[in-house]
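# any chance you could fold what I've pasted below:
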Amino acid sequence: MSPVTPDMINYYVQLLKDLDQLDLYINNAMFWMVVRGRAEPLTVTDVARRLDVDLDTAIPRTVLEPGQDKVVVLEQSDHGVIVLAANAWISDPGIWARLTENAQAWGFWWLVNNANRLFYAADGDLITELNVLHASPAECWGRNPRALDDYLGAIRALEAQREADDRAGAFDAPPYPRYPEFETALATVEALTGVRLDLDRFTREQLSIHAPGL
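Next up is the predicted model:
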C-alpha cells in the first residue's frame, strides 16, 4: 500500500488553491526541501553555509514577497531544516555534495514550463531524481534510481490514469486540470520526511537568504 493517501493529496490540492488566493506566481514555480543530518541535527546556519551563503546577510521575510528569485527561507524544525522558495532549483552536483555531507535531503521543485524534479540526495550524492510527469522506473536516475520506489505508487498510478485517459481520448476532458501531479509529489515529500507543508510557512516571516547556486 502506498504511504501517500488520497487525503494527503487532497490536502495539497486545497493548499495550492489557498495559495492561489494569496499569490498567483508561487504556484507557477516552487521549491521545497527538507535537509536532515545523519549523526547530529543540522541547523539553519549549517544549511546556509552549505549553500555557500553567510547567514549574517539573512533578513526576515516571507516566501511570498516579490523579487524572490533565488531567495529561500530557512526554518529550523524537529524534522530538520526546511527550505522553501519561489523559482529555485538545484542542477549543480557540487551543491548536493556540500548540502548532504553526512546528511540527507528530500524535496520537490517545479517551474512555469512544467519542468520539475522529485529528489532524494544523501552523503554527497544525488541518489534518486525523477520528473513526476514521467515517473516509470526506467525514467528515474541517480546513484540508485529505485531508492524511492516504495513511495512512488501514487505518482505512478496517476501517470497510468493519465495515459489510459489519453488512449481513451479523454485526456483533455473537463474539469481541468484533472491530474494533480505536483500535489501528489508534495504529498510524497511529506510521506518521505514527516513534514507537512502548510500555509503558515508561506505567510510567516522567516530568515531568508539569497542563494545564487539554486
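
# what's A39 sitting at in phi/psi?
phi -80, psi -30 (degrees, to the nearest 10).

# I meant L111, not that one.
Listed backbone geometry of L111 is phi -120, psi 170, with angles given as degrees, to the nearest 10.

# number of residues surrounding it?
One way to gauge burial is a neighbour count; for L111, by other Cβ atoms under 10 Å, it gives 15. Bear in mind the C-beta positions are built from the backbone N, C-alpha and C, glycine included.

# same question, the one 10 residues further on
Neighbour count of A121, defined by other Cβ under 10 Å: 26.

# tell me the pLDDT at the spatially most central residue of the chain?
Note on the chain: the residue nearest the mean C-alpha position is F108, at 2.1 Å, using Cα atoms, centre = their mean. What the model reports as pLDDT for F108 is 97.

# any regions of this protein where pLDDT drops low?
Along the chain, the model assigns pLDDT under 70 to residues 1, 66-69, 170-177.

# ok, residues contacting the longest helix anywhere in it?
For the chain, the helix that runs over the most residues, judged by DSSP state H, is helix 6-22. Contacts with helix 6-22, where a contact means Cβ atoms under 8 Å, 6 or more residues apart in numbering, come from 26-27, 64, 154, 180, 182-184, 186-187, 190-191, 196-199, 202-203.

# repeat the analysis, applying 7 Å as the threshold.
Applying Cβ atoms under 7 Å, 6 or more residues apart in numbering, the set of residues contacting helix 6-22 from outside is 26-27, 64, 154, 180, 183-184, 186-187, 190, 197, 199, 202.

# from D54, how far out is the residue nearest to the centre of the chain?
Between F108 and D54 the computed distance is 27 Å (Cβ to Cβ, to the nearest Å).

# ok, R146 next?
Shown here: R146 relative to D54, a distance of 38 Å by Cβ to Cβ.

# N87 - nearest residue in space that isn't next to it in sequence?
Distances taken as Cβ to Cβ, 6 or more residues apart in numbering place A29 nearest to N87, at 4.2 Å, with adjacent residues excluded.
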